[in-house]
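Participant: got a predicted structure plus its sequence, pasted below:
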Amino acid sequence: MKTILSVVATFLSVVLFSQKPVDVKLNLRDGSTISGSSVLSDVNLKTKYGQLVIPVKNINTIEIGLVNDKAIADKAIVYLKVLNSNSSEELKKNAYSDLVKLGVKAIPAIIAFQEDPKNVLEEAAITEYTMDQALNELKDTYNISDVTKTEDVVCFENDLKMSGAYDFIKLDVKTEYGNLSIPKEKIKSIEVLYSIQAEGNEIVLKLMANKHISGNQNGGWLKTGITLKAGQKFSITASGEVTLASLSNQKYKPDGSYVSTTGAAYPATSVDDYGTGSAYPVYGNVVYKIGEASYDILRAGAKFSGSAKTGGMLMISIYETVYNAANSGAYTVKISLK
C-alpha cells in the first residue's frame with residue numbers, strides 16, 4: 001500500500017511540477033484572437049518516431065492541425081459511402097446535409113476517404129451533392145485553408161519544429177474579460193508569449209522576436225509583472241538567438257553581436273557598462289524601461305546589474321527600431337530582485 005501511495009505521490013508531483021503559468025495568444029479559426037494567461041504542462045507530442053516531451057518554457061508556437069475524432073469519423077464514413085455510390089438524389093442530399101452537420105471534425109475523415117484508392121469510382125454519377133462540395137463548404141465555414149495540416153506542429157527553441165498529435169480537449173485562458181475555455185477544434189494556433197518560472201526572487205521570461213521588438217507599437221514591450229521602487233537593485237541576464245528579418249535576416253545575440261547572412265561574425269560594438277545601463281543600445285540588445293509611459297530605452301544586453309532610477313513597472317524588449325512580424329527566435333531572460 002505504501003508503495004502504491006508513493007508512486008501516486010511521485011506521479012502527482014511530476015505532473016504539478018511540469019505545469020507552468022504562461023501568457024498566450026490564441027489565433028482562432030474564425031479569424032479572432034484571444035490573449036490572456038493560462039497554465040500549460042510540458043507538451044507530450046505523439047510522433048511517428050515515438051513520444052516526445054517538449055518543455056513548455058522552450059515552446060514558441062503550437063500550430064493546431066485538424067482534430068481527428070474516431071466517433072465523428074465513423075459517422076462521416078457512413079455518409080461518404082452514400083455520396084460515393086449510385087444512390088438516389090434524395091439519399092445523397094440527406095447524407096450531404098448530415099455530413100456537413102458533423103462540423104470541422106469531419107474534414108480529416110473526408111480527406112482520408114478521398115485519398116483511399118479503393119473509394120475511387122470508375123464512373124461517378126452526376127450530382128450536386130458530392131464529397132468535394134461538402135469538403136469545400138466545411139472549409140469555408142470554418143476558415144480552413146488548403147495548407148492546414150492534419151497534424152499538430154510544435155515550434156520550439158527558436159526554429160525547431162516537430163509534428164505529431166498533441167492531445168487536449170480545450171484550453172482554459174484567463175482574460176481581462178473573464179475565464180474562457182476554448183475547444184481545440186476552434187484554435188488555429190497558440191503563441192506562447194512568455195512563461196514564468198518563479199524561483200525565490202527570480203523569474204524567467206521569454207522575449208519573442210516576432211512580437212517583442214521595441215519598434216513594435218502594438219505589444220512590443222513585455223510587461224514583467226515586476227513593479228520596482230526607485231533605488232531598488234535588480235539584475236537581468238539573457239541568452240538565446242533571434243533572426244531579425246528587418247535587418248536582412250541576420251542572427252543576433254542579447255549582447256548585440258551578430259552573424260550576417262554571409263556567415264561573417266561581428267562582436268557587440270557598444271562599450272559594456274552594466275553598472276548604470278546608460279550605454280546606448282545596439283540592434284539585438286535586450287533593453288528595458290521602467291514605467292509603461294517611459295521613453296527611456298536602457299540597455300541590459302546579455303548581463304546587467306544596477307538600480308532603478310525611478311519607480312514603476314519593469315518592461316523588457318529586443319532593440320530594433322523597425323518591426324517585422326517575420327522575425328524568428330527568442331531570448332530567455334532571467335530577472336533577479338535584490
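Facilitator: That came through, no problem.

Participant: pLDDT below threshold where in the stretch 101-250 of the chain?
Facilitator: The stretch 101-250 of the chain contains residues with pLDDT under 70 at 122-125, 158-159, 193-200.

Participant: what about the helices in it?
Facilitator: In the stretch 101-250 of the chain, the segments counted as helices under DSSP state H, counting those that start in this stretch are 106-115, 131-141.

Participant: would you convert those into CSV that also reports distance to residue 246 and mean neighbour count?
Facilitator: For the C-beta atoms, the positions are set from N, CA and C on the backbone; glycine is no exception. Output for the helices of the stretch 101-250 of the chain, formatted as CSV (distance: least, C-beta to C-beta, whole Å; neighbours: other C-beta atoms under 10 Å):
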stretch, distance to residue 246, mean neighbour count
helix 106-115, 37, 19
helix 131-141, 34, 15
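
Participant: for residue 21, the count of nearby residues, please.
Facilitator: Look at residue 21: counted by other C-beta atoms under 10 Å, it has 15 neighbours.

Participant: and it, backbone torsions?
Facilitator: Dihedral angles of residue 21 (phi, psi; degrees, to the nearest 10) stand at phi -70, psi 130.

Participant: hang on, it packs against residue 37?
Facilitator: Yes - Residue 21 is within contact range of residue 37, at 6.4 Å (criterion: C-beta atoms under 8 Å).

Participant: who touches stretch 98-105?
Facilitator: 29, 66-69, 72-73, 75-76, 79-80, 83, 106, 110, 134, 137-138, 141-142, 144, 185 (C-beta atoms under 8 Å, 6 or more residues apart in numbering).

Participant: and those, which are buried?
Facilitator: Using 16 or more other C-beta atoms under 10 Å as the burial test, those include 29, 66-69, 72-73, 75-76, 79-80, 83, 106, 110, 134, 138, 142, 144, 185 as buried.

Participant: on that earlier part again, can I get the helices of the stretch 101-250 of the chain in TSV with distance to residue 166?
Facilitator: Output for those, formatted as TSV (distance: least, C-beta to C-beta, whole Å):
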stretch	distance to residue 166
helix 106-115	15
helix 131-141	22
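
Participant: can you give me the strands in the stretch 101-250 of the chain?
Facilitator: Taking DSSP state E, counting those that start in this stretch, the strands of the stretch 101-250 of the chain run over residues 152-156, 160-166, 170-175, 178-183, 187-195, 202-208, 222-228, 233-244, 250-252.

Participant: so which of the ones you listed is nearest residue 263?
Facilitator: Residue 263 lies closest, by C-beta to C-beta, to one member of the strands of the stretch 101-250 of the chain: strand 250-252, at 10.0 Å.

Participant: which residues does the closest one contact?
Facilitator: 241, 242, 243, 244, 258, 259, 260, 261, 283, 284, 318, 329.

Participant: quick check: PyMOL command selecting the buried ones in the residues you listed.
Facilitator: To isolate the buried members of these in PyMOL, using 16+ other C-beta under 10 Å:
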select buried, resi 241+242+243+244+258+283+284+318+329
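
Participant: identify the farthest-apart pair in the contacts of strand 250-252.
Facilitator: For those, the farthest-apart pair by C-beta to C-beta is 261 and 318; their separation is 18.8 Å.

Participant: nearest to residue 46, out of the helices of the stretch 101-250 of the chain?
Facilitator: Of all these, it is helix 106-115 that lies closest to residue 46, at 15.6 Å by C-beta to C-beta.

Participant: what's that closest one packed up against?
Facilitator: Under the contact definition 3 or more C-beta pairs under 8 Å, 6 or more residues apart in numbering; DSSP states H and E, helix 106-115 sits against helix 70-83, helix 89-101, helix 131-141.

Participant: identify all contacting residues around that helix.
Facilitator: With contact meaning C-beta under 8 Å, 6+ apart, helix 106-115 is reached by 66-68, 72-73, 76-77, 80, 84, 99-100, 119, 131, 134-135, 138-139, 142, 144, 150.

Participant: next up, the contacts around residue 284.
Facilitator: Applying C-beta under 8 Å, 6+ apart, we find residue 284 in contact with 242, 244, 252, 253, 254, 255, 256, 257, 258, 318, 319, 320.

Participant: roughly how far apart are the closest residue in space to it that isn't next to it in sequence and residue 265?
Facilitator: Of all residues not flanking residue 284 in the chain, residue 252 sits nearest, at 2.9 Å (C-beta to C-beta, 6 or more residues apart in numbering). Here residue 252 is placed at a distance of 11 Å from residue 265 (C-beta to C-beta, to the nearest Å).

Participant: got it, and residue 21?
Facilitator: The gap separating residue 21 from residue 265 is 37 Å, by C-beta to C-beta.

Participant: do residue 157 as well
Facilitator: Using C-beta to C-beta, residue 157 is found at 21 Å from residue 265.

Participant: the two: which is more packed in?
Facilitator: Set residue 157 next to residue 265 and count neighbours by other C-beta under 10 Å: residue 157 wins out with 16 against 9.

Participant: pretty sure the more buried one contacts residue 58?
Facilitator: Yes - look at residue 157 against residue 58 with C-beta under 8 Å: they come within range, at 5.1 Å.
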